[in-house]
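> quick one, fold the following:
(2 chains)
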Amino acid sequence: MEKIKLTIDNIEVEVDKGTTIYKAAKQIGIDIPVLCYMNLEHLNIENRPGGCRICVVEVEGRRNLAPSCSTECTPGMVVKTHTIRVLNARKTVLELILSDHPSSCLTCSSSGQCDLQDLAQRLGIREIHAVENAMVSTYRKDCSPALNRDMDKCIMCRKCETVCNDVQTVGALSAVNRGFMSVVATAFEQDLVDSTCTFCGQCVAVCPTGALTPFDDTNKIIRALSDPSKTVIVQTAPAVRAALGEEFGLPAGTLVTGKMVAALRTLGFDKVFDTDFAADLTIMEEGTELLSRLSRFLEGDKSVKLPLLTSCCPAWVNFFECFYPDMLDIPSTARSPQQMFGAIAKTYLADQMKVKREDLVVVSVMPCLAKKFECEREEFAVEGNPDVDFSISTRELAGLIKAANINFNNLPEEDYDNPMGESTGASVIFGVTGGVIEAACRTAYELFTGKKLEKIDFEELRGIEGIRSATIDFDGTPINIGIAHTLGNARKLLDGIRAGMYNFHAIEIMACPGGCIGGAGQPLHHGDSNILKARYEAIYREDANKPIRKSHENPYIVKLYEEFLGEPMSEKAHHLLHTCYFCKEKH
Amino acid sequence: MSTSTLKLQDSQIKIINNICDSFNNNPGELISILHRAQGEFGFLPEEVQRAISDKLNISIAKVYGVVSFYSFFTMTPKGRHAISICMGTACYVRGAEKIVDEFKEQLGIDVGGVTEDGKFSLDCLRCVGACGLAPVVLIGEKVYGRVETHQVKEIIESYKD
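Numbering: from 1, shown residues only, chains lettered A, B, ... in the order given. Predicted structure coming up:
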């Protein structure tokens, strides 16, 4: 690679040809402020429209200021990043942006984690020079079950558009209209629910302001908890325990399972359960479905559809319903762990607890925004009463804990309640890419071969590359596994399957980068892949520390089948734990 | 932008596909394709945009983004006689705004609107390069120069069909 030497703020630096001034400065510890620039290294995605002009620098011999995020270094270049001209320009640019931005920081849900607010502080903006009769752009609000759009707070950085189009290939968002009227919107400016949006929420995760925010269900939870006629129980998804601590200043990757349980009890939940229990249940159903399809396939039954696709991820379900309506018979019919939990809680558990269905409120804590959409799907309700009443994100839970004056870091470690709090290592790894299929393999191997697994860890299924494949030896029968995370990678696999390019038996798909650990409901990681990596390792640590690591060995799962469900794929299991998919083709 | 829908016939989808094919279905040619499609249909209703998005395999949001960006593209059908009033600097200072108001009054429509009978539509545009004739009004291909408000009624009445 050809090298280039240049000087930035009197420091000489050598960089690869093609490096931008912004990156060259970063290399020597100079942190030029940016706003519209975004670098998601772990996804190899860079957003640099060069539109906001916050990152401008002075280049000797150049008439105008250069946007450092999108100007490449040239040999001998002399760059100054903090001359008075630069500082004034930055301030003016930011003031102009702020002049068309609501001053509602006190009540904005993004306050405290807003890049625009941080920048205003960093640049020392103390007043916004009012221009008489200045226009302010306004746009209608759009609320969906998962996320809200308030385009008055949009600064047109277009990060959401990049994530929606380039990472997820969902194509729900685009800049529309022109000039002062321009806005990031859906086709024909429909509501999100009518667009191709999958509610993965990754746009929310990258929005630098309060333009895109999660739909907030916390007040409903507070109301339910204070209602003496209701029994309120909660389930927590695997990925939450590996990230919640970040909201309380703990380093990324700190496992806070026990403290989280204690916090939920202090908040007033009558029972604290684990979605992991339902993940074990998912493995029983999905694993059995896989084995059934596989056995018939291996016996030469041509009517069998393979590969089996996992169906735990609600954004992924929305994605294939919308874009692959011709392939609705391939995904597993197993419901997601969240919904399996709800269905069992409002039948089996309600009976055990002697609570009427309508008096039992099931809350889930999820790393995900699409889960909010999922629990509102009509098929997951009985006579209008949903299996899961409310789904809140990891961040919303952190907010609840703070509002309840709980000193999280000083809490003791507590255990989940039984029966739906017992789980195995297999269920914990549902939170990372490759985890669901590894959990399935642990059980499917033993059921298929009748032999005990010698090595529980399927290292070949792990990793963070976007698309992976591995062949697992089921005692002489090779099983081909595919894995993809992000919907863009899922699309590549799906297109390959449609074209008959692959011979996978099973494929796991998760919509978010890294799997649920990178979900849009998690603490914001601002593209820092080290945070994702730390969460990833924490999940596998939790798995390794579990006394039981295979779903079919969970004693409470065994008991649930004995007492209630019969066997996997039984009629009762079908009714409560499986679903069907709908064609939602919207182009 | 208000939308106008149109259920496409197979023959119309064929026309769209042919236009896209003639540009090798290259998404980079989207603007040219939309231009041709508008020439064919007179406007770009939602269904035409969807057909183009399907054929080029790009998101409908992107197609709409382009259509809504360029003022040349329209999602509402134009009148049989499309009236365009120049609002360029020269025409503006010579009273184009009054001419616009007079057309609005006479036709009973706003800028961007179409008369109920579909006969006239009214739009503004920027400089047509005939500043010496300011203010300028275009109706179809015909150019009217040095237009004065009292002439507007007469001009409209000269379109008999």
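> when you work out contacts or count neighbours from here on, use the C-alpha atoms and nothing else.
Will do.
> what is the burial count for residue A:115?
Residue A:115 has 19 neighbouring residues, counting by other C-alpha atoms under 10 Å in any protein chain shown.
> next, it: phi, psi?
Backbone torsions of residue A:115, given as degrees, to the nearest 10, read phi -70, psi -40.
> which residue, other than its chain neighbours, is closest to it?
Using C-alpha to C-alpha, 6 or more residues apart in numbering or on different chains and skipping residues adjacent in sequence, the residue nearest residue A:115 is residue A:208, 4.9 Å away.
> contacting residues for that neighbour?
By C-alpha atoms under 8 Å, 6 or more residues apart in numbering or on different chains, the contact set of residue A:208 is A:35, A:114-116.
> before we move on, what about residue B:44?
If you count contacts by C-alpha under 8 Å, 6+ apart, residue B:44 has them with B:34, B:37-38, B:73-76.
> so what's it closest to, chain neighbours aside?
Spatial nearest neighbour of residue B:44, chain neighbours left out: residue B:75 (4.7 Å); criterion: C-alpha to C-alpha, 6+ apart.
> name the SS class of that neighbour, please.
Taken by DSSP: H, G, I helix; E, B strand; the rest coil, the conformation at residue B:75 corresponds to coil.
> got the residues of chain B near chain A?
Residues of chain B found near chain A (C-alpha under 8 Å from any C-alpha of the partner chain) are B:1, B:3, B:46, B:50, B:53-54, B:59-66, B:68-70.
> give me the neighbour count for residue A:76.
By other C-alpha under 10 Å, the residues close to residue A:76 number 12.
> show me what contacts it?
By C-alpha under 8 Å, 6+ apart, the neighbours of residue A:76 are A:4-7.
> hmm, 6 Å instead?
Going by C-alpha atoms under 6 Å, 6 or more residues apart in numbering or on different chains, residue A:76 touches A:5-6.
> check what pLDDT it gets.
Note on residue A:76: pLDDT of 96.
> format the contacts of residue B:44 as CSV; extra columns: neighbour count and pLDDT.
Converted to CSV, the contacts of residue B:44 look like this (neighbours: other C-alpha atoms under 10 Å in any protein chain shown; pLDDT from 0 to 100):
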residue, neighbour count, pLDDT
B:34, 23, 96
B:37, 20, 95
B:38, 19, 91
B:73, 17, 90
B:74, 20, 89
B:75, 21, 91
B:76, 20, 86
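> now do the strands in chain B.
Secondary structure of chain B by DSSP state E: the strands cover B:81-86, B:120-125, B:137-139, B:142-144.
> partner strands of the last one, with direction?
Under the criterion DSSP bridges, strand B:142-144 sits next to strand B:137-139 (antiparallel) in its sheet.
> can you check the first one too?
Sheet pairing of strand B:81-86 (DSSP bridges) gives strand B:120-125 (parallel), strand B:137-139 (antiparallel).
> next one: the shortest one to chain centre, how far?
Strand B:137-139 sits 12 Å away from the centroid of its parent chain (C-alpha atoms, centre = their mean, to the nearest Å).
> how about residues contacting that strand?
For strand B:137-139, the surrounding residues in contact (C-alpha under 6 Å, 6+ apart) are B:82-85, B:143-144.
> now the helices for chain B?
Remark: helices assigned in chain B by DSSP state H are B:10-22, B:30-41, B:46-56, B:60-69, B:89-93, B:96-107, B:152-157.
> want to throw those into CSV with distance to residue A:488?
Putting the helices of chain B into CSV (distance: least, C-alpha to C-alpha, whole Å) gives the following:
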stretch, distance to residue A:488
helix B:10-22, 25
helix B:30-41, 22
helix B:46-56, 18
helix B:60-69, 17
helix B:89-93, 48
helix B:96-107, 49
helix B:152-157, 55
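> now do the spatially closest residue to residue A:505 that is not a sequence neighbour against residue A:287, distance only.
Leaving out its chain neighbours, the residue that sits closest to residue A:505 by C-alpha to C-alpha, 6+ apart is residue A:307, at 4.2 Å. The gap separating residue A:307 from residue A:287 is 13 Å, by C-alpha to C-alpha, to the nearest Å.
> these two: which is more packed in?
Neighbour totals were compared for residue A:307 and residue A:287, and residue A:287 leads with 29 against 23 (other C-alpha under 10 Å).
> secondary structure class for that one?
helix.
> for it, give me its contacts.
Going by C-alpha under 6 Å, 6+ apart, residue A:287 touches A:440, A:444.
> and the gap between it and chain B?
From residue A:287 across to chain B, the span is 36 Å (C-alpha to the nearest C-alpha, to the nearest Å).
> got it, and residue A:249?
Per C-alpha to the nearest C-alpha, residue A:249 is found 40 Å from chain B.
> low-confidence ranges, chain B, go.
B:1-6, B:161 (pLDDT under 70).
> for chain B, what's the nearest residue on the stretch 1-150 of chain A?
residue A:139 (12.8 Å; C-alpha to the nearest C-alpha).
> so where does residue A:569 fall, helix or strand?
Residue A:569 is part of no helix or strand, with elements assigned from DSSP states H and E.
> pick the most buried one from the helices of chain B.
Of all the helices of chain B, helix B:60-69 carries the top mean neighbour count, a mean of 24, counting by mean count of other C-alpha atoms under 10 Å in any protein chain shown.
> tell me which strands and helices that helix is in contact with?
Using 3 or more C-alpha pairs under 6 Å, 6 or more residues apart in numbering or on different chains; DSSP states H and E, the elements in contact with helix B:60-69 are strand A:174-176.
> go again using 10 Å as the cut-off
Packing partners of helix B:60-69 (3 or more C-alpha pairs under 10 Å, 6 or more residues apart in numbering or on different chains; DSSP states H and E): strand A:174-176, strand A:183-185, helix B:30-41, helix B:46-56.
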